[in-house]
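Engineer: Generate a structure from the sequence data that follows.
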Amino acid sequence: MRRLRLAALVVPALLMASCGADKQPAPPGASSAPAATQAPSSVASTGDPAAVAAAMSDVDLAGQVLMPYAYGSDATTVDKTSAAGNRSLAGVDTPAEMVAKFHLGGLILVGFTAQDPTGSTNPATNVESPQQVRKLTDGLQAAAQQAGIPSLTIGTDQEYGVVTRITEGVTALPSAMAAGAAGRPALTEAAWRAAGEELAAMGITVDFAPVADTLGPPTNTVIGSRSFGADPKANAAQVTAAVRGLQSAGVAAGLKHFPGHGHTSGDSHEGLPVVAQTAQQWAAQDLPPFRAGVTAGAGVVMSGHLDVQALDKGTPATFSHKVMTDELRGTLKFTGVAITDAMNMPPAMKWPAGEAAVRALNAGNDMLLMPPDIAGARDGILAGLKNGTLKRERLVEAVTRILTLKAHRVAAPGLSVIGAPAHQQAVSALDAASITVLRGGCTGALLAGPVTVTAAEGREVARVNLVRALQAAGVNVQAAGGKIIHLVGYGDKAVDLNPAAAMTVMMDTPYLLASAKSPALIATYSSSKLSLTALAAVVAGKAKATGKSPVAVPGLPATACR
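Structural biologist: Predicted coordinates:
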C-alpha cells in the first residue's frame, strides 16, 4: 500500500464507541466480554492504528475483523425479501443496521450470475449500476460514521472475465488470461489503473484481484481464464502490473488464492481441493506471482481453502499457521491484511462459525470474509478471548493491520470517470494485443466474402456485439449464408462447436479449440464488448493478431502468426 495516499482514521468517533457512548444494547452473547474503558487522550491525537486497536473493546475488535455480505441494493431501504435475508444472516433488516449492530470492519458487495465459477458463494445480488453502487457505499460509510466506528473496508470481486460483479456501465477489462496472452505488462497496468479509478468512484476500497494463481492442468475450470497463464515468471510480471495499476488509483489489490489454486482440478466452492506438488514445485510454480504482488505493495492477500500437502497436509490453508504465518508472513514478509476466502464455502464450514473464526485468526488471517453466521462468528471470537483460545494480542494485531489499510483510503472521485474515453482507450489497447490466432491466416481479411455469426447456447449478447463490431469494421455480415464465425465460451464443450464453421472463436480458456475443425481458430479469452471489437478488427484485416496463448493447447501452437 506504499502507493496510496494517507487519510485520517475516524479516531474520535471510534473512541466514543469504545468508552460507552454508544447507546445500542450489547449484542447477544457478549455480556461476558470485558467492559470497554476510556482510551488515553494521546490515542485520539496521534491516530496511530496500533494505539487505536489496543484501546478498543473486545466487541469492537471482534466486529472489525468481520466482512460479511448483506442483502439489498441500498444501505437503509430494502424490500421484504432482502429484509428477510438480512434477518436470517444478522438479525436486522438493512445493511446499515448490520454495520451498526456488529461494528463491522467491512462489507463485501456480491452478485450472482449463472455462468460464474464463484456463484455458489453469492446468494445475494446488491450491485446493479455504478450510480446504485456509489449510493450504497455512501450509505454504508454513513452508517459506520453514525455508529462511531472506523470507515468500512468495502470490497468486491471485480476480476473481469467470468468473475465480474459490476457489469453495467463500467469499462470492462478482458480476463486475466487475455492480459497474459498480450504479454505486455505496461498495457495491463494502464488498464487496471482505469479499472481502479472506476472502482474508487463507486466507493470500492478493496478489489479482490488480481488472481495470482499459476494455472496447471486444463481440468482446472474454477480458475481457468481468471489466471494470467501457466508461466510463473510471466504471471509475476502481470500481477505486479495489475497491483500497481489498481493501487495507483487508490484501491487496494487483493492477491488470491494463496498459496495457489492453479495446480488442482478440485473446486474449493464444492470441497477441499488437494494440491499435490512437491515443496520445490510449489516454490517454483505458485510462489513467484504472490511474491511479486507482495513486493509491488499489494494491500491484501486472500487465503485459499486448499490442502497444499507439501506445506501442511490435511489442513486447509486458510486454517494453517504454517501457510498463513510461516509462509505468508515469514517467507514473503507480507505486512498487509490477510483475509480468508469466503467462510461460507464447504471447507470452512467444517466447524461452527465461532470455532472456524478463531481457527482462521489463529492461523494468521486478519479478516473473515462472508461468515455464514455473523453473530456466531462474533460470539466465537469473544468466547475465544475469554477462554484463552484466542489471545487479545493476536486480535489487536489483526485490527491494527485493518486500520492501517483503512488509513490509506482516498476520497472517491466523481462518477464521471466511469467509462471515460481514456479508460476505453487503455483497455482497448490491452484487448487488441490479446487476440490470438492459433490456426489460419494472419494478414489481410481473415475471411473472404460475407460472414454469418453463430454462437453456442446462451451467448446471444456476445454474438450481437460481434455482429455490430464486424459491421462497424466494414465486414459484410448476413443473417445466414455467409462463412460462419462461431463463438464458444466458458463452460462450453465439444458438442457446442459448429463443424461447419469457417472460424471458431473461443472467449475463455483456449483448450476447446483443440477439438474444433475450423480452418481458422482464434482466442479472445473474453466476451467483453471491447474484446469482440478487437476481434472484429483482426477479422477485417485492420489489425494484426499479436497475442500468444499463455497456456498450452494440445496440437496447436501458441500462435500461428510468427
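Engineer: show me the contacts for Leu246.
Structural biologist: Contact analysis of Leu246 by Cβ atoms under 8 Å, 6 or more residues apart in numbering lists 192-193, 195-196, 199, 207, 209, 252-253. Yep, even glycine has a C-beta here, placed from its N, CA and C like the rest.
Engineer: Let me have the residues you listed in CSV, adding neighbour count and distance to Gly449 as columns.
Structural biologist: Formatted as CSV, the contacts of Leu246 follow (neighbours: other Cβ atoms under 10 Å; distance: Cβ to Cβ, whole Å):
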residue, neighbour count, distance to Gly449
Trp192, 32, 39
Arg193, 22, 41
Ala195, 27, 38
Gly196, 24, 43
Leu199, 29, 43
Asp207, 27, 44
Ala209, 30, 42
Ala252, 27, 51
Ala253, 29, 46
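Engineer: Show me these that map onto helices.
Structural biologist: Residues of the contacts of Leu246 located in helices (DSSP state H): 192-193, 195-196, 199.
Engineer: What strand or helix carries the closest residue to Ala432 other than its chain neighbours?
Structural biologist: Once flanking residues are discounted, Ala432 sits nearest to Ala534: 4.5 Å by Cβ to Cβ, 6 or more residues apart in numbering. Using DSSP states H and E, Ala534 falls within helix 529-539.
Engineer: and that helix, what does it pack onto?
Structural biologist: Contacts defined by 3 or more Cβ pairs under 8 Å, 6 or more residues apart in numbering; DSSP states H and E place helix 529-539 against helix 421-434, helix 460-472.
Engineer: Compute the inter-axis angle for the last one and helix 529-539.
Structural biologist: In this case it means helix 460-472. Angle of helix 460-472 versus helix 529-539, following axes from the mean of the first three to the mean of the last three Cα atoms, to 10 degrees, is 40 degrees.
Engineer: List the buried residues in helix 460-472.
Structural biologist: By neighbour count on 16 or more other Cβ atoms under 10 Å, the buried set for helix 460-472 is 462-463, 465-470.
Engineer: any idea of the mean pLDDT in the helix holding Ala534?
Structural biologist: Averaged over helix 529-539, pLDDT sits at 98.
Engineer: Now distance to Ile166 and mean pLDDT too, for the helices and strands packed on helix 529-539, in JSON lines please.
Structural biologist: Listed next are these as JSON lines, based on distance: least, Cβ to Cβ, whole Å; pLDDT from 0 to 100:
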{"stretch": "helix 421-434", "distance to Ile166": "14", "mean pLDDT": "98"}
{"stretch": "helix 460-472", "distance to Ile166": "16", "mean pLDDT": "98"}
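Engineer: ok, the closest residue in space to Ala398 that isn't next to it in sequence - contacts?
Structural biologist: Once flanking residues are discounted, Ala398 sits nearest to Asp366: 3.8 Å by Cβ to Cβ, 6+ apart. Asp366 makes contact with 65, 337-339, 397-399, 401-402, according to Cβ under 8 Å, 6+ apart.
Engineer: Return the closest of the residues you listed with respect to Ala284.
Structural biologist: Checking these against Ala284 by Cβ to Cβ gives Ala338 as the nearest, at 23.1 Å.
Engineer: Save the helices and strands packed on helix 529-539 as JSON lines, and put in distance to Leu415 too.
Structural biologist: Shown next, in JSON lines, are the helices and strands packed on helix 529-539 (distance: least, Cβ to Cβ, whole Å):
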{"stretch": "helix 421-434", "distance to Leu415": "13"}
{"stretch": "helix 460-472", "distance to Leu415": "24"}
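Engineer: so where is this structure shaky, pLDDT-wise?
Structural biologist: Low-confidence segments of the chain, defined by pLDDT under 70, span residues 1-46, 112-123, 265-270.
Engineer: mind redoing it with 50?
Structural biologist: Scanning the chain for pLDDT under 50 picks out 1-46.
Engineer: After whichever strand or helix holds Met302, which helix or strand is next? Please name it.
Structural biologist: Per DSSP H and E: Met302 is located in strand 300-303. Per DSSP H and E, the first helix or strand lying C-terminal to strand 300-303 is strand 307-308.
Engineer: packing partners for that following strand?
Structural biologist: In terms of contacts (3+ Cβ pairs under 8 Å, 6+ apart), strand 307-308 is packed against strand 274-275.
Engineer: which non-adjacent residue is nearest Cys182?
Structural biologist: Not Cys; residue 182 is Ala. Nearest to Ala182 is Ala433, by Cβ to Cβ, 6+ apart, at 3.6 Å.
Engineer: surely that neighbour meets Ala545?
Structural biologist: No - with contact defined as Cβ atoms under 8 Å, Ala433 does not reach Ala545; the gap is 9.4 Å.
Engineer: neighbour count winner among those two?
Structural biologist: Ranked by neighbour count (other Cβ atoms under 10 Å), Ala433 and Ala545 place Ala545 first, with 29 against 23.
Engineer: Now that one: phi and psi?
Structural biologist: Dihedral pair for Ala545: phi -90, psi 110, per degrees, to the nearest 10.
Engineer: got the contact list for it?
Structural biologist: Ala545 makes contact with 435-437, 442, 522, 538, 559, 561, according to Cβ under 8 Å, 6+ apart.
Engineer: Which pair of the residues you listed spans the longest distance?
Structural biologist: Largest separation among those by Cβ to Cβ: Val538 and Thr559, giving 12.2 Å.
Engineer: Counting by contacts, list what the helix or strand where Val505 lies packs against.
Structural biologist: Using DSSP H and E, Val505 sits in strand 503-506. Packing partners of strand 503-506 (3+ Cβ pairs under 8 Å, 6+ apart): strand 483-488, strand 520-523.
Engineer: For Ile108, see how far away Ala398 is.
Structural biologist: Look at Ala398 and Ile108: by Cβ to Cβ, to the nearest Å, they are 17 Å apart.
Engineer: go on, Arg193?
Structural biologist: Between Arg193 and Ile108 the computed distance is 23 Å (Cβ to Cβ).
Engineer: Please apply the same query to Ala353.
Structural biologist: 16 Å.
Engineer: show me the contacts for the residue nearest to Ala182.
Structural biologist: Taking Cβ under 8 Å, 6+ apart as the definition, contacts of Ala433 comprise 181-184, 187, 546-547.
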